[in-house]
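*Asks:* sequence and predicted model, in that order:
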Amino acid sequence: MVYTGAGKGASPTTLSLAICLFDQVTALDYQGPLELLGFLDPKNAKPDVPTPPYLLDITYLARSLEPVTATAGPRALVDRTYDEVADGEQFDLILVPGGLGARPERVPPSLLEFLKRQAPGATHILSVCTGSWILAGAGLLRGKKATTNKSVFKSVMENTREQEITWIPKARFVVNDDKKIWTSSGVTAGMDMANAFLEYLVGKEAALRIRGIVELSAKEEGDDEFAEYYHLL
């Protein structure tokens, strides 16, 4: 999809966004991007930010309705379970964070099944850190390019070797040519990816206004110092 805006005088278009949570998630992996994307939530409208052409209806999902335990920070409450998303219900956008719980032996099967069901109809799928390991586990990165947290880059690459994924070591984030799948490097890189996605979604001017409010010094796609730090080049 190419986002063109609602047009002058038209009402904003609402897009549904699913945030996929699990125990031992890294909270900043999803909270960081949401500090930017959250400006598109109608509940967070600010008088000095013009109404964007797109708004987000955000739903938090997990394996159960029990509070989600993050690797650091408070537990998070969710709206629904993965199994409660009915057949035929489709999210426009999906965000998958990473964390210790993103390792293949810990990922809830219901999350993988949710991604497999939703991926064909989703317009955009975004992952942060080892969230791309989860996407690979659901078979969504086969034959595509992606990146992940550089501290576990070699392990992820080895674990997914059979999927013919082009893992990009020097990348703050990676966007596939069709703009459907966006993957970012470790933790804070999720905000850089979210900023780039905002530019794509609502335009550079609006994204810059939002970035200015949160005072984010955003990095570009290839602006990565950690590939060299972890001897990946």
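*Replies:* The structure has been received and is ready for your questions.

*Asks:* contacts and neighbour counts: CA atoms only from here.
*Replies:* Noted.

*Asks:* so how far is residue 44 from the closest residue to residue 142 other than its chain neighbours?
*Replies:* The shortest distance from residue 142 to any residue other than its chain neighbours is 5.0 Å, reached at residue 163 (Cα to Cα, 6 or more residues apart in numbering). Residue 163 sits 40 Å away from residue 44, taking Cα to Cα, to the nearest Å as the criterion.

*Asks:* ditto for residue 183
*Replies:* Here residue 183 is placed at a distance of 26 Å from residue 44 (Cα to Cα).

*Asks:* more neighbours, the two?
*Replies:* residue 183 (31 against 9; other Cα atoms under 10 Å).

*Asks:* centre of the chain to stretch 31-38, how far?
*Replies:* On the basis of Cα atoms, centre = their mean, to the nearest Å, stretch 31-38 sits 10 Å off its chain's mean C-alpha point.

*Asks:* now swap in stretch 124-141 and tell me
*Replies:* So, by Cα atoms, centre = their mean, the centroid of stretch 124-141 is 9 Å from its chain's centroid.

*Asks:* restrict that stretch to CA atoms and write it as PDB.
*Replies:* The C-alpha coordinates for stretch 124-141 follow below in PDB (Å, rounded to 0.1, in the frame of the first residue of the first chain):
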ATOM      1  CA  HIS A 124       2.900  -3.700   7.300                       C
ATOM      2  CA  ILE A 125       4.700  -5.900   9.800                       C
ATOM      3  CA  LEU A 126       7.400  -4.300  12.000                       C
ATOM      4  CA  SER A 127       9.800  -6.000  14.400                       C
ATOM      5  CA  VAL A 128      12.200  -4.600  16.900                       C
ATOM      6  CA  CYS A 129      15.400  -6.400  18.100                       C
ATOM      7  CA  THR A 130      14.900 -10.100  18.300                       C
ATOM      8  CA  GLY A 131      11.300  -9.700  17.200                       C
ATOM      9  CA  SER A 132      12.700 -10.600  13.800                       C
ATOM     10  CA  TRP A 133      13.700 -14.000  15.200                       C
ATOM     11  CA  ILE A 134      10.000 -14.400  16.000                       C
ATOM     12  CA  LEU A 135       9.000 -13.400  12.400                       C
ATOM     13  CA  ALA A 136      11.500 -16.000  11.100                       C
ATOM     14  CA  GLY A 137      10.000 -18.600  13.400                       C
ATOM     15  CA  ALA A 138       6.600 -17.900  11.800                       C
ATOM     16  CA  GLY A 139       8.200 -18.300   8.300                       C
ATOM     17  CA  LEU A 140       7.600 -14.600   7.400                       C
ATOM     18  CA  LEU A 141      11.200 -13.800   6.500                       C
END
